[in-house]
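**Student:** Quick one, structure for this:
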Amino acid sequence: MANSKITINNTTVTGVNNSLVVGELRISTPAPGAIDIPHQAESVESNIILQRGDDATFKSLMNSSPVRSFALKLYDQCGHLCNKWESSRHDNSSGNVRISSENKALFSNIEMPKGITGQTYLVISTYSGFERCVMWSSKKHLAEKDFEALSEKGTMSNVILFISEQINTELIKLGIDLASIFKAVYTSPASSLIPYFTEFIAGKSVAGSRPSFQGMLNFGPGVEIAVARFRNIKDTSSIECQIRRGGRIQINSENKVSAVKFFIVLKHSKPEDIKITEEFTESEFPIVPYTAETLPGLEAEHFTTLFNGFSFLELLNANKDVTTMNKFVDEHSSQVVSYIYNSPLTMFETFDSNSESSQMIIEYGCTLRQQIYQVLVTQASKSFSSVNKKVRKNVMFSEHELHANYSEPPNLYREAASDYTLNAGRLSSVPHHPPNLNLMPATSCGITFPSDEE
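**Tutor:** You can find the predicted model right below:
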């Protein structure tokens, strides 16, 4: 644990009583008593050309591999740079850019990167053009033409090839000698080709037990954690984070390299109290103030709106019972109406950003609006249910009136309403004893039909 390295890349937005800290937490922990197996690659800048899909496996394996003191550049088969590991790096973590271009069907279709130095590696797990052919004569013709075209494009004498063992065996049977074309050729079964290449580039660290780290983050004396959210990083092991009392967060990792994105809202008397430290490594981390460049898409007034909304929610939660809540609503009626019908936090619903840190803040703004609305609606429902009501007697209709009586003729209420107000407590428009209207017998639309006797 003493050899663990913790880095916190943060952006901090400070307010009067609240501040938010957003960024990335990363932990690197060596395995206890590990045996380091050295790499076989030259310790020079290495240019690696991979097929689509293999890059994700390679980056995942690199995360748990030893760090070497030479730079790595990862390219697709179109010659585009997709990822880069600096020689001065502290770990082998990488960005989230993936190879998206289609794999080339032929060796001669592959575009080598321009202007590169150091050692170049070409890793081929599938040779789709070759695999489409069934007849041996077709395979031989295609391979001869393909490698002839490859040689015409330029020499491969500085390129080391890693290729599937099955493909290489078939090419040898067809008389194709890859060792005469490339600087060197390494083979492995297709299922283990990428792990084989990773071990060649970075070596391996083998230990009898897994690395383990447990730490405690602090944010300064008197500073409390009001909200904390954590998000995993793709292709990287996660960190278990738990909020503890006293404004602390316990962090646990059982991997060589692990990381999380975080979003934290702090409560304090003054922003100068904020101090980010870790207890066990006795580390202290600088607080990086917010700028428009660090949180693109967000401006200072947006954070003011966010802090105001958070403070309003705190006031709502402080008034738990109906009586105090009703009093609060009376005293802050304009704010209550605003947050229900035209919340200032609605602006976050329209925001979007390519920055993951900005996006976490935007998502919290949307969640905060929903939380405030839900608290107000719930309290309104409780207030309505708690009003004392007298039991009302049913004086409008008698039991007889509540049932339809189809034995009487239709009631055509043509007489004045005053005739129906004799019974006190009844609706003036609903008669209890309808008058005899001397209705004429019913006719059939004025048409006289002959009797049955005729």
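
**Student:** The longest helix seen in the chain - what's its average pLDDT?
**Tutor:** Criterion DSSP state H: the longest helix present in the chain is helix 356-385. Averaging pLDDT along helix 356-385 gives 90.

**Student:** Quick check on residue 64: phi, psi?
**Tutor:** Phi and psi for residue 64, reported as degrees, to the nearest 10, are phi -100, psi 10.

**Student:** and the gap between it and residue 194?
**Tutor:** Between residue 64 and residue 194 the computed distance is 13 Å (C-beta to C-beta, to the nearest Å). For glycine as for every other residue, the C-beta is placed from the backbone atoms N, C-alpha and C.

**Student:** Comparing those two, which shows the higher neighbour count?
**Tutor:** With neighbours defined as other C-beta atoms under 10 Å, residue 64 and residue 194 compare such that residue 194 has more, 23 against 17.

**Student:** Return the distance of the longest helix of the chain from the chain's centre.
**Tutor:** Helix 356-385 sits 19 Å away from the centroid of its parent chain (C-alpha atoms, centre = their mean, to the nearest Å).

**Student:** how about that helix: buried residues?
**Tutor:** For helix 356-385, a neighbour-count test (16 or more other C-beta atoms under 10 Å) marks 357-362, 364-366, 368-369, 371-372, 375-376, 379 as buried.

**Student:** what helix or strand does the residue nearest to residue 275 when sequence neighbours are not counted sit in?
**Tutor:** Computed as C-beta to C-beta, 6 or more residues apart in numbering, the closest residue to residue 275 that is not its neighbour in sequence is residue 220, at 4.0 Å. In this assignment (DSSP states H and E), residue 220 forms part of neither any helix nor any strand.

**Student:** Relative to residue 266, how far out is residue 220?
**Tutor:** According to C-beta to C-beta, residue 220 and residue 266 sit 8 Å apart.

**Student:** Between those two, which contacts overlap?
**Tutor:** By the contact definition C-beta atoms under 8 Å, 6 or more residues apart in numbering, residue 220 and residue 266 are jointly contacted by 247, 274.

**Student:** So the two - more neighbours on which side?
**Tutor:** More neighbours surround residue 266 than the other of residue 220 and residue 266, with 24 against 17 (other C-beta under 10 Å).

**Student:** beta partners of the more buried one?
**Tutor:** residue 19, residue 225 (DSSP bridges).

**Student:** how close does it sit to residue 358?
**Tutor:** Distance of residue 266 to residue 358, computed by C-beta to C-beta: 19 Å.

**Student:** what's in contact with stretch 311-318?
**Tutor:** Stretch 311-318 is contacted from outside by 17-18, 226, 325, 328, 332, 335, 339, 368, 371-372, 375-376, 379, using C-beta under 8 Å, 6+ apart.

**Student:** what helices or strands is the strand or helix carrying residue 171 leaning on?
**Tutor:** Using DSSP H and E, residue 171 maps to helix 165-173. Packing partners of helix 165-173 (3 or more C-beta pairs under 8 Å, 6 or more residues apart in numbering; DSSP states H and E): helix 128-132, strand 184-188.

**Student:** which residues of the stretch 301-450 of the chain fall in helices?
**Tutor:** Secondary structure of the stretch 301-450 of the chain by DSSP state H, counting those that start in this stretch: the helices cover 322-331, 333-341, 356-385.
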